[in-house]
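> Curious how this folds, go ahead:
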Amino acid sequence: MFALLESIDQPAALRSLDKTALPQLARELRAFLLESVAATGGHLSSNLGTVELTIALHYVFDTPHDRLVWDVGHQTYAHKILTGRREAMARLRMADGLSGFPRRSESEYDTFGTAHSSTSISAALGMAVAAQQKGESRKVVAIIGDGAMSAGMAFEALNNAGSSGVDLLVILNDNDMSISEPVGALNNYLARLLSGRLYNYVRRGSKEMLGRLPPVKELAKRWEEHLKGMVLPGTLFEELGFNYIGPIDGHDLGTLTHTLANVRELKGPQLLHVMTRKGYGYARAEDDPILYHSVTRFDPATGIAPKPPGKPSYTQIFGDWLCEMATRDPRLVAITPAMREGSGLVRFSEQYPDRYFDVGIAEQHAVTFAAGLSCEGLKPVVAIYSTFLQRAYDQVIHDVALQNLPIVFAIDRAGVVGADGATHMGAFDLSYLRCLPNMTIMAPSDENECRQMLYTAFMLDGPSAVRYPRGAGPGEPVVAQMTALPIGRGEVRRESRRRVHGIAILAFGSVLQAAVAAAEESDATVVNMRFVKPLDAELVFRLAAEHEALVTVEENVLMGGAGSAVAEALADAGVVVPLLHLGLPDRFLDHGEPASILNACGLDAPGIAAAIQRRFGHRRLDRVGKPAA
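From the prediction side, this is the model:
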């Protein structure tokens, strides 16, 4: 079934094939992709759509000497398969297996690690300039999608690259629409013409000759722009300094290889516009590319995946709350940077289309746009992943916190996320938000608390963040009534049975259930802290006075996190008490099952209990929870 594909262990073997064999290779590669992702889960639609483009790039360019820089990187499964990792696809996104994104440590063919969008042109430009500086003859190609092109960073890079004059090819992989045959044929012909040596020789020679006659040169320039503008959507790229070519059919291997071979010989910044279709070759994914964008294991014959557990996810809790809150308050508006499905905004977008704003892959713009809405009396809710909010940090500080604007950040995927790996871990939000003046930060321990915290945040007259993990909660029933929580107040969830208390565990957010289970072994007091900022310092001081030691637990990096807040509060008050901080380690966490990652970090019940035993189990502690002398 995969006879030709199995003969390709490196791109050099691919380049030895006759062009006539490439369509068969594409068919086998697409079938292998479908079979592989159905067994492991992962990104499907985007990878099916770039099969021919990937083959053509490795066929024409001398990789890895020539550099391919993929944007986002969730479309690089075919690239991985053709670069010696075909058998390793069986452990895609699993512990000790392949990453779902390009990774420099994984292969020399992965020239730049990525998983956030719109970085490819900047990185590729850096590589092209480095080659020029070092006197190395190599080609550099950035492959970026139309969605990623909507981000400001991409245009910053285009502006810089266009004026640099270096040899750089940007491939715009446009999968927003399919190509009809007549338009595709015309575009393919034009692309062949515009990328050919004759056209570009005449183009350069004419400019040199007409340069001596400025009025005629200007007339010729305007005529060329007018001609290309009539039939091509490339005027913007031409103005930025790129020679625009396309659009061409990204599923036509003959056109792709011919055009890329032509473009490879051109000097200066080039932009090739390629039209592809997400899910190409698998009808279900073509019909619903969003549904099949990222999939769990499924049956490719039926397209059906095993049903997930019945408990609602935190994302669903947020989406339901948002719709209900919108019926109560007409000022509520919701904003997402191109994550409608992932952030739970589908129902809201359908019920309140005039109050729903998908701003594209533009996190910085999303936050400042929300600030502008807030200045005019609306109540924005920004639904965003923890890992993506990092990209708008300056805007959170300068445009929101500094002006003390009442904006709610509903932060999904906080803490460990699992298969997407280090690039998507929500490990840092407590640390990077806690240091901001005016910011209120809440971490729910269950579904109902998430709902109540979202309501609490919405009622505040300043910026706030509610951070919750990926997936389902512990199964706590959700109370219909919404009640604002007292700001900066935690609650004791378990009292130690000792007359003289031993250990008190201060749990922040999603780790509460594990902390309660761990407390059974050591008969510890457990507190649901709820608020990271403002911290319930009064409760912390009381616990320090009544217990021999305090343990803080959080699903965030330890540096600057919730545990640090407790230590700072105690130090400021001059309270001395033995402390143990448990949280995510000072390293980037690899991909794998979330439960396994939490276990490895010691943040499940056995891990918490073991850490307490190691630190406090073999010595008697004096009760020193009092101001130092």
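> Quick check: phi and psi at the most centrally placed residue in the chain.
The centroid of the chain falls nearest to residue 116 when counting by Cα atoms, centre = their mean (4.8 Å). Backbone torsions of residue 116, given as degrees, to the nearest 10, read phi -90, psi 150.
> residues in contact with it?
Residue 116 makes contact with 72, 387-388, 391, 423, according to Cβ atoms under 8 Å, 6 or more residues apart in numbering. C-betas here are computed from N, CA, C, even on glycine.
> let's go with 7 Å and repeat that
391, 423 (Cβ atoms under 7 Å, 6 or more residues apart in numbering).
> Touching, residue 408 and residue 458? I think so.
Yes: between residue 408 and residue 458 there is a contact under Cβ atoms under 7 Å: 5.5 Å.
> Name the residue in these two with the higher neighbour count.
Shown here are residue 408 and residue 458; by other Cβ atoms under 10 Å, residue 408 has more neighbours (28 against 24).
> how about residue 123, what does it touch?
Counted by Cβ under 7 Å, 6+ apart, residue 123 has contacts 69, 112.
> For it, identify the helix or strand it belongs to.
helix 120-134 (DSSP states H and E).
> Residue 395 too?
helix 393-395.
> how close does the closest residue to residue 131 other than its chain neighbours get to residue 264?
Spatial nearest neighbour of residue 131, chain neighbours left out: residue 138 (5.0 Å); criterion: Cβ to Cβ, 6 or more residues apart in numbering. To residue 264, residue 138 is 11 Å away according to Cβ to Cβ, to the nearest Å.
> now swap in residue 487 and tell me
61 Å.
> ditto for residue 322
From residue 322 across to residue 264, the span is 49 Å (Cβ to Cβ).
> Residue 72 contacts residue 114, correct?
Yes: counting by Cβ under 7 Å, residue 114 is a contact partner of residue 72 at 6.4 Å.
> Could I get the full set of strands for the stretch 501-629 of the chain?
Ranges of strands within the stretch 501-629 of the chain are 503-508, 525-528, 531-533, 549-557, 575-576, 579-584, 626-627, based on DSSP state E, counting those that start in this stretch.
> Show me what the third one is packed up against.
Strand 531-533 sits against helix 429-434, strand 440-442, helix 562-572, with contacts defined as 3 or more Cβ pairs under 7 Å, 6 or more residues apart in numbering; DSSP states H and E.
> And those: which comes nearest residue 53?
helix 429-434 (35.3 Å; Cβ to Cβ).
> hmm, who's touching that closest one?
386, 389, 393, 411, 414, 439, 441, 465, 467, 532-533, 554, 556-557, 559-562, 565.
> Whichever of these end up buried, select them in PyMOL.
The buried residues among the contacts of helix 429-434 can be selected in PyMOL (16 or more other Cβ atoms under 10 Å) with this line:
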select buried, resi 386+389+393+411+414+439+441+465+467+532+533+554+556+557+560+561+562+565
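> what stretches of the stretch 251-400 of the chain score poorly on pLDDT?
307-309 (pLDDT under 70).
> same check, this time on the chain
176-233, 307-309, 499-501, 618-629.
> got the buried residues for stretch 386-403?
Neighbour-count burial for stretch 386-403 [16+ other Cβ under 10 Å]: 386-393, 395-397, 399-401.
> what number of residues lie near the nearest residue to residue 567 once chain neighbours are set aside?
Counting by Cβ to Cβ, 6+ apart, the nearest residue to residue 567 once its immediate chain neighbours are dropped is residue 579, at 6.0 Å. The number of residues packed near residue 579 is 16, by other Cβ under 10 Å.
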